[in-house]
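Q: Need a 3D model of the following:
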Amino acid sequence: MAAVTAPKPDRNPKQDRSRATRQRLLEAAVSCLAEHGWVGSTVAVVAERAGVSRGAAQHHFPTREDLFTAAVEYVAEERSQALRTLPSRDRHEAVAALVDLFTGPLFRAALHLWVAASGEEQLRARVTELEARVGRESHRIAVEVLGADESRPGVRETVQGLLDMARGLGLATLLTDDRARRDRVVAQWARLIDEALDA
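A: Sure thing, here's the model as predicted:
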């Protein structure tokens, strides 16, 4: 009679702890970058905020550049996932959600990363590649949530114009929280998008 082997557990506690540590580091890196900028966001500062040792941080992310590019990519994916699960194709809701991509801590953190990359050759290639990927994904999701038919002339440019406008609102939000004006702009853009996509 063959020996009965116990089924392997579905989870590995060590791997779970490692994943949790990595996630805490990524979230801490984004909040540090958004609050303190590139100069003030060191691996030691991020590790302290995440509640882990500097050695543990460097185990997961050998360099500072690895940590911050991974952090921005991680949160970009989280926001993209939230957009993918929008409950309806109501265009006003979709336009507001797309604008929100550019008005939160992710955008602030990404902006600090862009500024740092403009002066640091080593970081520039990684950030450029990351932003190109995030840009393509944002455009693809925008097309999906707006129900846009890009085979029609001008529709691709209309969707890209919406994303560019959202980025501009995000820049304005860095200095002032003008929510009432932003809400009016979003409502107007939703009307323009409706007209452009339904024409």
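Q: shaky segments in this structure?
A: Along the chain, segments meeting pLDDT under 70 span 1-11, 83, 86-89.
Q: in stretch 68-87, what's buried?
A: 68-76, 79, 83 (16 or more other C-beta atoms under 10 Å). (Glycine included, C-beta is placed from N, CA and C.)
Q: In helices, which of those residues fall?
A: Among the buried residues of stretch 68-87, the members found in helices (DSSP state H) are 68-76, 79, 83.
Q: Turn these into TSV, columns for distance to Met165.
A: Compiled in TSV, these are given as follows (distance: C-beta to C-beta, whole Å):
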residue	distance to Met165
Phe68	27
Thr69	26
Ala70	29
Ala71	26
Val72	21
Glu73	24
Tyr74	26
Val75	22
Ala76	19
Arg79	17
Leu83	17
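Q: ok, and the closest non-adjacent residue to the most centrally placed residue in the chain?
A: Central residue check for the chain by C-alpha atoms, centre = their mean: the C-alpha nearest the mean position is that of Ala76, 2.0 Å away. Leaving aside its sequence neighbours, Ala76 sits nearest to Val134 (C-beta to C-beta, 6 or more residues apart in numbering; 4.8 Å).
Q: Quickly find the element holding the one you found.
A: Following DSSP states H and E, one finds Val134 within helix 121-146.
Q: hang on, the earlier thing: please look at the residue nearest to the centre of the chain and Ala132 and confirm they touch.
A: No. Between Ala76 and Ala132 there is no contact under C-beta atoms under 8 Å: 12.0 Å.
Q: pull the longest helix from the protein.
A: The chain, longest helix under DSSP H: helix 13-40.
Q: Tell me how far it lies from the chain's centre.
A: Mean-position distance between helix 13-40 and its chain equals 14 Å (C-alpha atoms, centre = their mean, to the nearest Å).
Q: Also stretch 63-81?
A: Relative to the centre of its chain, stretch 63-81 is centred 7 Å away, using C-alpha atoms, centre = their mean.
Q: circling back to that earlier point, distance-wise, check the residue nearest to the centre of the chain relative to Gln15.
A: 24 Å (C-beta to C-beta, to the nearest Å).
Q: ok, back up a step: from the ones in helices among the buried residues of stretch 68-87, which single one is nearest Ala110?
A: Val72 (5.2 Å; C-beta to C-beta).
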